[in-house]
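> what would the 3D arrangement of this be:
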Amino acid sequence: MNEDNKRSADASNDTYTATYTSNTSNTSNNAPVSTYIYESSKSTNELRASYEKELGLQKDRSKPVAGGEKRSKRSGGSSAKTLLASFLIGAVVVGGFSYLADKNNLFSGGSQALQNAGSSAASNAARQDAGLSTASLNTSDDIASVYASASPAVVKIENYAEPARSSSMFNDPGFRPFFGGGQSGRDGQQQQEQSSTEPELTGSGTGFIFEQDGYILTNEHVIADAKEVQVTVQGYDEPLAATVLGSSYELDLAVLKVESPDGKAFPSLKLGSSDETQIGDWVMAIGNPYGFDQTLTMGVLSAKERPITIADEQGEHEYEHLLQTDASINPGNSGGPLLNEKGEVIGINTAVNAEAQGIGFAIPTSTITKVLEKLKTNTL
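Numbers count the residues shown, from 1 in each chain. I've put the predicted structure just below:
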């Protein structure tokens, strides 16, 4: 190896080395070997200067000299070596420059985040141009916390009424002498007759406390014909006796009142505005369907201002201005609250279409608030 072709470098992981060795038949064992070493610590200018210097050396070797045809052949071999050496030197320099640029982050660096932000903005703009939008539920007050806050004010209402009297002639006193008469075996029957006059459970539903003094809203059909109304409130071991203050068959609304055994205020729910709701808003229903106490169902507001007609024992009952929802509503949910995502009451769950799925109805608060005070004072 010629001394003027040696390039020393620090033996580090950042060093690139390229070696060329002549393979012509006229080359002796002492054929020149060129070694080119790139150090990552060198600047671009130094790399270029080194590259140009090596090119100059190779050109000097390739100049023709006097001495005949044999020397001319060797000169041709030198020309091939020059091209190959130039290629190797260029590859080393370009590779080193690329490594240096990548290591020092010359072409990206802090612009990457800007590029990503630009891509995101471009993507959003493209979506808007395409007419696409993303709907999301703002759960700053998540569903679980809304339920935890609202459920203590939701109560279970049980309707106790007088049992239906039997029409059997065995119970008619005028026919008793013909079926054994006397005192034998009659004491037990008389006691049974006395106990049969006690109210029995005829149905149950749901309601909610809307004032801390113990005022409860529910459906009229939940407490219809009740001789006694029992209300189960969270936090109390025994049901509380409730008084029916006022009711309306036409509106299917009723207001009850319970007294606090320990003098503490009851948890209550706030009445919101059903007029401010929009179709597609998230809604939640809490009730006691089929005896499953404190059941939460969720859906959306499907429609507003729905009129429906329900046939009952008194004929056809027409409702107007109802809210329609796909939140599951079943027997036992009647009288329970329909809540918005803020936990405010926007309606009272009233009816469900038994022939369909996801079609339930609620009386809106816009109807309730107009008659609420009259129901409390029984002046409706």
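> quick one: low-confidence ranges for the protein?
Scanning the chain for pLDDT under 70 picks out 1-48, 50-52, 54-81, 92-94, 96-141, 165-196.
> now the residue nearest to residue 222 when sequence neighbours are not counted: which helix or strand?
Distances taken as Cβ to Cβ, 6 or more residues apart in numbering place residue 205 nearest to residue 222, at 3.5 Å, with adjacent residues excluded. The way it works is simple: take the backbone N, C-alpha and C, and place the C-beta from them, glycine included. For residue 205, the element it lies in under DSSP states H and E is strand 200-211.
> using PDB, write out every CA atom in that strand.
Listed next in PDB are the C-alpha coordinates belonging to strand 200-211 (Å, rounded to 0.1, in the frame of the first residue of the first chain):
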ATOM      1  CA  GLU A 200    -103.600  -7.500  48.900                       C
ATOM      2  CA  LEU A 201    -100.900  -6.600  46.400                       C
ATOM      3  CA  THR A 202    -102.500  -6.000  43.000                       C
ATOM      4  CA  GLY A 203     -99.600  -4.400  41.200                       C
ATOM      5  CA  SER A 204     -96.400  -2.400  41.400                       C
ATOM      6  CA  GLY A 205     -94.600   0.300  39.500                       C
ATOM      7  CA  THR A 206     -92.000   3.100  39.800                       C
ATOM      8  CA  GLY A 207     -91.900   6.700  40.900                       C
ATOM      9  CA  PHE A 208     -89.400   9.300  41.800                       C
ATOM     10  CA  ILE A 209     -89.000  11.900  44.500                       C
ATOM     11  CA  PHE A 210     -89.000  15.400  43.000                       C
ATOM     12  CA  GLU A 211     -88.900  17.400  46.200                       C
END
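> in that strand, what counts as buried?
For strand 200-211, a neighbour-count test (16 or more other Cβ atoms under 10 Å) marks 202-211 as buried.
> got TSV for these, with distance to residue 161 too?
Compiled in TSV, those are given as follows (distance: Cβ to Cβ, whole Å):
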residue	distance to residue 161
202	4
203	8
204	12
205	14
206	18
207	17
208	23
209	24
210	25
211	27
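> go through those and name the one nearest residue 145.
residue 208 (17.7 Å; Cβ to Cβ).
> ok, that closest one touching residue 216?
Yes - Residue 208 lies in contact with residue 216 (Cβ atoms under 8 Å); the separation is 6.7 Å.
> any common contacting residues for these two?
Shared contacts of residue 208 and residue 216 (Cβ atoms under 8 Å, 6 or more residues apart in numbering): residue 155.
> which residues of the stretch 101-250 of the chain fall in strands?
Using DSSP state E, counting those that start in this stretch, the strands found in the stretch 101-250 of the chain span residues 154-161, 200-211, 215-218, 228-232, 240-248.
> these: which one's closest to residue 284?
Nearest of those to residue 284, taken as Cβ to Cβ: strand 154-161 at 10.9 Å.
> got the contact list for that closest one?
With contacts defined as Cβ under 8 Å, 6+ apart, strand 154-161 is touched by 199-209, 216, 218, 222-234, 239, 242, 256, 269, 286-288, 293-294, 335-337.
> give the buried subset of those as a ChimeraX selection command.
The ChimeraX selection below is limited to those of these classed as buried (16+ other Cβ under 10 Å):
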select :202,203,204,205,206,207,208,209,216,218,222,223,224,226,229,230,231,232,233,239,242,256,269,286,287,288,293,335,336,337
